[in-house]
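[1] attaching a predicted model along with its sequence, questions to come.
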Amino acid sequence: MNIFTERDADLSILLGRTVGILGYGHLGRPVAWNLRDSGVDVRIGCRERNSDSFNRAIDDGFLVGLYEDIAQEAPIKWLMLPEEVMPQVYMERVFPHLRRGDTLAFASGYNLTFGFVEPPPTVDVVMIAPRIGADSVRERFLDGRGFYSMVAVGQDTTSAAWATCLALARAAGMLKRGAVEVTVEQEAHLDLFLQQAIIPAVYHIFTTAAQVLSDAGYPDEAAMMDLYISGELNEVINRAEREGLLHAVRKATSTAQFGMLTRLERYQDMPMQRIMTTILRDIRSGAFASEWQRENADGQPRLRRLLRAQEALELWELEQNTLERLKRASD
C-alpha cells in the first residue's frame, strides 16, 4: 500500500490540459475553486442553462457550458454528480464525446464498482476521493490544514494515469495530509461500510441515550448538551484522529478509563460483529447497490418514508430548543 503526498505529484502534468468539472454542487464547487487556485484551467459542466448551479458558476468566474459541451472541450472530465444521476448523464452526455487518451476522473468508486458506469478501454480512469465532508474541502485548502483522501487508477491506457491522478489530487488539495492508494472497489466498499455500519450505530446510540436520560428525569437541555452539542465527544474523536484511538482513551481521567473499559465488555456481548459482517456482505455482493437502484427507479418511496419517521421524533424539537437556548445565552 502506498501513501502519496504533495512530493509525489507534478502539477506541470496539467499544463495545457483543461479539466472539466461535471456537476457544480456540494463537492464540485469547492474542488473547482481549489483547482483554479492551483493554476489549473477549469471549466464547469451543468445540466441546463440558467439553472442555479449554471448561474452560480458564472458568478464565480468560470467558463460554463452544458455537460456535453464541457465533455467535448476538456480532455480530463471529473464527474461530480450524485451517484444515482451519474449513469444516465454519463451515457447520454459524456460517453459520446470521449476520445482516445482522455481521462475520466471520479470522486467515488461507487458507479465503477457496481457496473453502472463502464468506461471504454481507450481512456484513463482515475479516482480521487476525499475522506472529509465536502463543506470542509475548500476551508481546509485555504487554511492549509489539508485532509486525507484515497486515490486509485482503474484503467491506465496512456501509461500516464497515475501522474494525472496525483496531479489532480494535489491541485485539489487532497495530498496535503496524505492519500492512501486503494482499488476503486475498496474505496466504494469502505465508504458504504462507514455509512451503513458505523454512522447508524452512532445515530442509534445517541437517540437511545437521549430517550433513556429523558425518561430518567434529567433536564433535556443538559442531556442533549452533554451527549454531543458541547463538543466534548468531538474532542475525543479529534484526539484519536491526531494520535490514535487508544491514546485518546488513555488521555481521559482514570475514572473515565475504568468506566469505559469495564462497560466495553458488556457491548461485546451484543451481536454487533454479526450485524456489521452482514452489512459488508451485502455491500460487496452488490445487493445494496441493486436495492438502491430499485428504490431510485420507484421514486425513492422507502427513503421518504424513513425520513418522515425520523423527522417525527420528539427528540429533534428538544435538540433545536437546546441549541437555540444555548445560543441565546452566549450572545
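    Perfect, thanks for sending it.

[2] need the helices for the stretch 1-150 of the chain, in chain order.
    Listed from the start of the chain, the stretch 1-150 of the chain has helices (DSSP state H, counting those that start in this stretch) covering 28-37, 52-59, 67-73, 86-89, 110-113, 134-142.

[3] contact partners of the second one?
    The set of residues that contact helix 52-59 without belonging to it, under Cβ atoms under 8 Å, 6 or more residues apart in numbering, is 23-25, 29, 32, 44, 46-48, 64. To be clear about C-beta, it is placed using only N, CA and C from the backbone, and glycine gets the same treatment.

[4] follow-up on the earlier one: so which of the helices of the stretch 1-150 of the chain comes closest to residue 95?
    Smallest distance to residue 95 across the helices of the stretch 1-150 of the chain (Cβ to Cβ): 8.4 Å, for helix 67-73.

[5] touching that closest one from outside, list them.
    Counting by Cβ under 8 Å, 6+ apart, residues outside helix 67-73 touching it are 18, 20-22, 43-47, 65, 77, 89, 93-94, 96-98.

[6] those strands in the stretch 101-250 of the chain, which residues are they?
    Counting by DSSP state E, counting those that start in this stretch, residue ranges of the strands within the stretch 101-250 of the chain are 103-106, 124-130, 148-155, 178-181.

[7] mean pLDDT, distance to residue 220 and mean neighbour count added to the ones you listed, as TSV?
    As requested, the strands of the stretch 101-250 of the chain are exported to TSV (pLDDT from 0 to 100; distance: least, Cβ to Cβ, whole Å; neighbours: other Cβ atoms under 10 Å):
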stretch	mean pLDDT	distance to residue 220	mean neighbour count
strand 103-106	98	44	26
strand 124-130	97	36	25
strand 148-155	97	36	21
strand 178-181	95	41	19
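
[8] mind putting those into CSV with distance to residue 206?
    Formatted as CSV, the entries for those read as follows, by distance: least, Cβ to Cβ, whole Å:
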stretch, distance to residue 206
strand 103-106, 32
strand 124-130, 25
strand 148-155, 25
strand 178-181, 29
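
[9] quick revisit: present the helices of the stretch 1-150 of the chain as a markdown table; the columns should include mean pLDDT and distance to residue 319.
    Rendered in a markdown table, the data for the helices of the stretch 1-150 of the chain read as follows (pLDDT from 0 to 100; distance: least, Cβ to Cβ, whole Å):
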| stretch | mean pLDDT | distance to residue 319 |
| --- | --- | --- |
| helix 28-37 | 98 | 28 |
| helix 52-59 | 96 | 29 |
| helix 67-73 | 97 | 39 |
| helix 86-89 | 97 | 34 |
| helix 110-113 | 97 | 31 |
| helix 134-142 | 93 | 20 |
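
[10] that older thread, show the buried residues in the contacts of helix 52-59.
    Among those, those scoring as buried are 23-24, 29, 32, 44, 46-47, 64 (criterion: 16 or more other Cβ atoms under 10 Å).
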